[in-house]
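[1] sequence below, structure please.
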Amino acid sequence: MARVQSIQSGDGILATDSVGNIVYQIGTTVPTGAGYMVGAIFIDNNAAAGAQIWINEGTTASAAFQEVITEATAETKTGNITTTGTVTMTNTLTATSAASTFGDLIETDFNPLNRIWVRSDFTKTLNKFSILSASEPNSMYSFEADWIVSGSGAGNVLGFTGSARSDGAVFLNNSSASSAFVFMKPAKAGRLQKIHWSTSKAPRFRAVIKTGTSIVTNKFVMGLYSGSIKPARFVAGTNTANRVEVYLDVVADSNFHVNTVNSTVTSSSNSISLVVAASTVYDIEIRVSTARIVTILVNGDLLFTSGAALKAATRLVPIIGVQTEDDDSAVSAQGVFLYHTLLSQDITAT
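    Below is the predicted model of the structure:
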């Protein structure tokens with residue numbers, strides 16, 4: 001019959017090995033020195049929560065007890081964490097650095113069983129400044145064949161920087177005149193234009209951008225539009241039905257805003273309470289659910305959910321654009337740097 005084992009010495013020693021090294025001990029002070037087996041366990045019965053169990057990672061000649069973390073509350077790690085095995089997460093991982101936030105643009109968008117997707121990485125170099133598109137008036141090809149650059153400032157070579165940056169971005173800007181705008185839209189021969197992006201197929205539009213060194217006179221817009229493909233933030237009276245856009249209008253304030261329109265008469269413009277900083281990278285994603293409800297995520301955080309659904313089976317056009325309110329500002333300070341775009345939609349939705 002088993003019986004409860006009691007402490008066998010005044011030092012709290014419960015067990016020793018064949019040569020007398022301590023294997024298991026209880027006390028109020030974590031020990032050091034000789035006489036402890038490698039791997040020996042010490043229980044600190046006078047410690048705060050999370051610091052009771054220690055293990056000897058030193059030698060029998062010089063014990064070095066290390067704490068075995070048992071904390072159930074939040075932990076802070078100041079050093080690098082390296083793992084070679086599989087890590088299973090049951091809670092939310094919150095990333096605070098830009099690289100870990102959007103270092104992976106995959107999510108579920110690259111699953112060919114349920115989504116079709118087009119990803120653009122603006123890493124190609126054009127000769128001279130840009131290539132004028134004869135087939136699409138007032139437009140220029142961008143660094144990706146899926147996009148062209150258009151707008152009132154597109155005819156000026158200063159409207160779109162024509163050399164690739166060392167960090168892989170392209171610079172979308174306009175400095176030709178105050179209130180002139182430049183925006184990117186799908187090219188007729190590109191993949192984006194060939195896919196019918198629909199409000200009924202849960203489309204997603206994601207872009208990684210970096211603000212310029214000066215944003216106080218800039219407007220930036222990213223959205224999905226029906227009808228006219230000129231961004232309504234720039235051209236008044238267009239796109240009055242079924243659109244969603246994220247925009248920065250620092251002439252008004254420094255927050256990102258969301259504008260959703262689900263009919264010709266219903267419009268909702270909301271600040272998403274995120275103050276935009278200069279020279280900062282943002283991962284912006286627009287999602288339309290199968291119920292046609294819009295959500296907006298910035299750097300992985302859900303910041304907006306619409307209250308009304310978009311109209312069913314309506315074709316959408318992706319747009320990214322900038323408008324400069326001060327033609328005296330340096331070209332290098334205005335506009336946005338664009339790194340990646342990713343569009344996808346559900347091929348099973350009806």
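[2] please enumerate the helices of the stretch 101-250 of the chain.
    191-194 (DSSP state H, counting those that start in this stretch).
[3] show me which strand runs longest in the protein.
    strand 336-346 (DSSP state E).
[4] show me what that one is packed up against.
    Other helices and strands packing on strand 336-346, by 3 or more C-beta pairs under 8 Å, 6 or more residues apart in numbering; DSSP states H and E, are strand 115-121, strand 170-172, strand 204-211, strand 317-324. In short, each C-beta sits where N, CA and C put it, glycine included.
[5] quickly run through the sheet partners of that strand, with directions.
    strand 115-121 (antiparallel), strand 170-172 (antiparallel), strand 204-211 (antiparallel) (DSSP bridges).
[6] return the last one as CSV; C-alpha atoms alone will do.
    Included here for strand 204-211 are C-alpha records, laid out as CSV according to Å, rounded to 0.1, in the frame of the first residue of the first chain:
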residue,chain,number,x,y,z
ARG,A,204,-10.2,41.6,-50.6
PHE,A,205,-7.9,44.4,-51.5
ARG,A,206,-4.6,44.8,-49.6
ALA,A,207,-1.7,47.1,-50.1
VAL,A,208,1.5,47.8,-48.2
ILE,A,209,2.4,51.5,-48.5
LYS,A,210,4.8,54.0,-46.8
THR,A,211,3.9,57.6,-46.3
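[7] give me the mean pLDDT for that strand.
    Mean pLDDT, computed over strand 204-211, is 90.
[8] the second one now?
    Per-residue pLDDT values over strand 170-172 give a mean of 76.
[9] next, format the helices and strands packed on strand 336-346 as TSV and append mean neighbour count and distance to residue 286.
    Supplementary listing: these in TSV, determined by neighbours: other C-beta atoms under 10 Å; distance: least, C-beta to C-beta, whole Å:
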stretch	mean neighbour count	distance to residue 286
strand 115-121	19	14
strand 170-172	25	18
strand 204-211	22	5
strand 317-324	26	9
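[10] residue 186: which of the ones you listed is closest?
    Between residue 186 and the helices and strands packed on strand 336-346, the tightest spacing by C-beta to C-beta is seen for strand 317-324, at 6.6 Å.
[11] name every strand pairing with the closest one and say which way it goes.
    strand 181-186 (antiparallel), strand 218-225 (antiparallel).
[12] would you turn the ones you listed into a markdown table with distance to residue 271, mean neighbour count and mean pLDDT?
    Converted to a markdown table, the strands paired with strand 317-324 look like this (distance: least, C-beta to C-beta, whole Å; neighbours: other C-beta atoms under 10 Å; pLDDT from 0 to 100):
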| stretch | distance to residue 271 | mean neighbour count | mean pLDDT |
| --- | --- | --- | --- |
| strand 181-186 | 22 | 26 | 79 |
| strand 218-225 | 15 | 24 | 82 |
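[13] which of those strands sits closest to residue 337?
    So among the strands paired with strand 317-324, strand 218-225 is nearest, using C-beta to C-beta, at 11.1 Å.
[14] mind listing what the nearest residue to residue 297 once chain neighbours are set aside touches?
    The shortest distance from residue 297 to any non-neighbouring residue, by C-beta to C-beta, 6 or more residues apart in numbering, is to residue 285 (4.4 Å). Applying C-beta atoms under 8 Å, 6 or more residues apart in numbering to residue 285 gives the contacts 204, 205, 206, 207, 296, 297, 298.
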